[in-house]
Each structure stands twice: as structure tokens, then as C-alpha cells.
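Undergrad: Sequence unavailable; structure follows:
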């Protein structure tokens with residue numbers, strides 16, 4: 001448990017810092033939202049590939065050796081970043097202007113964004129908790145559940161990439177309304193559809209379910225106050241990761257009391273709360 005705690009601390013620390021560095025690098029030339037979506041996408045690719053590679057490793061070496069290799073990979077990545085970041089940070093700092101360091105500074109907009117991200121993350125992790133139970137109730141076996149999760153994760157990875165670009169084209173609020181509405185409708189459909197129908201919609205559900213996050217990340221620089229971009233990213237990520245961590249426990253208890261279908265419906269209803277919040281976020285961004 002202590003090792004997992006330390007691993008979680010290391011994994012979570014890089015998110016706000018990396019997002020802030022990406023914003024600093026791309027803001028002068030534009031394309032911040034697209035760059036953040038690429039960063040978000042690459043993380044999901046890693047989360048898809050590494051478990052598969054570890055599964056292959058376990059056929060030839062022990063799990064302890066596999067975990068040790070992953071730790072060494074992490075150390076190598078840290079060393080590479082240690083070598084790369086100073087040059088990029090210096091170049092980014094030299095090109096900054098006072099204007100690019102300042103977002104709208106909207107406190108209400110940033111708070112609404114954090115709540116939106118927290119709700120979105122909570123629904124995502126809550127649905128992932130219940131999906132295996134839904135699949136099993138519809139007759140899926142272990143292999144079927146694994147395939148279903150793979151399809152959901154692949155759709156989610158591309159959703160993070162595509163929705164970031166979509167948000168840059170049509171705006172944050174329209175994109176959030178689109179992705180959250182589609183997610184809520186497909187979550188409800190997941191309860192009623194037969195197994196074959198559920199398997200068909202899972203890639204699209206994954207795309208909408210995960211795609212919102214890239215749009216929300218891209219709104220953080222627009223709302224951060226002068227010199228407070230890193231703090232804004234830090235608070236935002238704390239809220240989203242915290243919401244995702246608590247959701248399985250809270251909604252798992254609700255599922256025990258009222259049943260999995262009812263709990264899943266509650267998850268879909270929660271997403272509707274993000275629609276007015278997105279409007280508040282958009283209003284805060286417009287103050288810039």
C-alpha cells in the first residue's frame with residue numbers, strides 16, 4: 001500500500017506540471033488545446049499498451065520482475081525529462097509576454113470548471129466500475145468483458161484526441177454539451193441494450209466518455225489568473241482525480257442498495273449537471 005501511495009504521488013505530480021509546460025510552449029504560436037489533447041491521447045495509449053506488454057512478460061518472467069522493469073522504465077523517463085525540460089523551459093520563458101501569462105482570472109469560471117471536471121471524472125470511473133456487472137448480467141464471459149473494456153479504452157483514447165481539436169473549432173461549451181449529452185444517452189442505452197448492441201456502442205461511448213476531459217483541460221489556461229497557471233492546473237487535476245477515486249466507493253454503495261441499473265441511471269443524470277456549469281465556464285472564458 002505504501003508503494004502504491006508513492007507511485008500515485010509520482011504519477012499525479014506530472015499532470016499539472018506537464019500541462020502547464022505544454023501551454024507555455026504553444027501559447028505564442030497557438031494550438032494549446034490541440035497540444036493538450038495530444039498529450040492526453042498519448043497517456044491513454046500508454047495505459048492501453050503497457051498492461052498488454054506486462055501480460056506478455058508474465059508468460060516468461062515473474063510479476064516482481066515485471067514491476068521492476070516498469071520502475072526502471074519510469075526512472076529512464078525521469079532521466080530523459082531531466083535532460084529535455086531545462087532547454088525547453090528556458091526557450092519558453094524567453095518568448096513569453098505579459099499578455100500570454102494572463103487568462104481571464106475568472107474565479108467563478110475556474111470553480112465551475114473544476115466541478116465540471118470532478119463530475120465528469122466521477123461518472124467515468126463510476127461507469128467503469130459497473131460496466132463488468134452489466135456485461136456479466138447480459139451473458140458476457142471473462143473474455144467478453146476484456147474485449148469490451150478494450151473497445152471502450154480505444155474509443156476513449158481517440159476521443160481525447162479528437163474532442164480537443166473539436167473544442168478548438170466549435171468552442172468549449174458546445175463540445176461539452178455534445179459529449180456529455182451523448183455520454184448520458186449511451187449510458188442509459190447500455191442498461192437496456194442486449195449484449196451485442198452494447199458491444200457495438202462501446203467505442204462511441206468511450207469516445208464521448210473520455211473526450212470531454214481534453215476540452216476541460218484546454219479551458220484551464222483561459223481561466224487562470226496572472227502567474228497562477230500551475231496552481232490552476234494543480235487544483236483542477238486534484239478535483240478530477242479525487243472525483244474519480246471516490247466514485248467507485250460511493251456509487252458502489254449505491255449499487256448495493258438500489259441495484260446496478262439504478263446506479264447507472266444516476267450516473268447518467270449527474271452528467272446533465274455539467275451542462276449549466278459549462279455555460280458558466282464559457283462566460284468566464286469570454287472575460288479574457
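TA: Sure, I can see it. Keep in mind that what you see is a predicted model, and the values were worked out from it rather than measured.
Undergrad: Run a quick neighbour tally on residue 227.
TA: Residue 227: 9 surrounding residues under other Cβ atoms under 10 Å. (Each C-beta comes from the backbone N, C-alpha and C, glycine too.)
Undergrad: any idea how far residue 7 is from it?
TA: Distance check for residue 227 against residue 7: by Cβ to Cβ, to the nearest Å, it reads 31 Å.
Undergrad: who does the lowest-mean-pLDDT helix or strand in the chain touch, helix- and strand-wise?
TA: For the chain, using mean pLDDT, DSSP states H and E, the weakest element among its helices and strands is helix 63-94, scoring a mean of 79. Packed against helix 63-94 by the contact rule (3 or more Cβ pairs under 8 Å, 6 or more residues apart in numbering; DSSP states H and E) you find helix 2-26, helix 32-57.
Undergrad: could these be laid out in JSON lines, adding distance to residue 239, mean pLDDT and mean neighbour count?
TA: Shown next, in JSON lines, are these (distance: least, Cβ to Cβ, whole Å; pLDDT from 0 to 100; neighbours: other Cβ atoms under 10 Å):
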{"stretch": "helix 2-26", "distance to residue 239": "11", "mean pLDDT": "86", "mean neighbour count": "15"}
{"stretch": "helix 32-57", "distance to residue 239": "16", "mean pLDDT": "86", "mean neighbour count": "16"}
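Undergrad: Quick one: closest of those helices to residue 140.
TA: helix 32-57 (19.3 Å; Cβ to Cβ).
Undergrad: Quick one: distance of the least confident helix or strand of the chain to the chain centre.
TA: 21 Å (Cα atoms, centre = their mean, to the nearest Å).
Undergrad: what about the following helix or strand past it, distance to the chain center?
TA: Per DSSP states H and E, the first helix or strand lying C-terminal to helix 63-94 is helix 107-137. Counting by Cα atoms, centre = their mean, helix 107-137 is centred 10 Å from the centre of its parent chain.
Undergrad: same deal with stretch 171-181?
TA: 15 Å.
Undergrad: quick one: average pLDDT of that stretch?
TA: Averaging pLDDT along stretch 171-181 yields 93.
Undergrad: Okay, buried residues for it please.
TA: Of the residues in stretch 171-181, 171, 172, 173, 175, 176, 177, 178, 179, 180 count as buried by neighbour count, 16 or more other Cβ atoms under 10 Å.
Undergrad: Relative to residue 117, which of these is nearest.
TA: residue 176 (10.3 Å).
Undergrad: Leaving out the residues flanking it, which one is nearest to the closest one?
TA: residue 278 (4.1 Å; Cβ to Cβ, 6 or more residues apart in numbering).
Undergrad: Next one, pLDDT for the nearest residue to residue 162 once chain neighbours are set aside please.
TA: Once flanking residues are discounted, residue 162 sits nearest to residue 211: 6.6 Å by Cβ to Cβ, 6+ apart. Residue 211 is assigned a pLDDT of 91 by the prediction.
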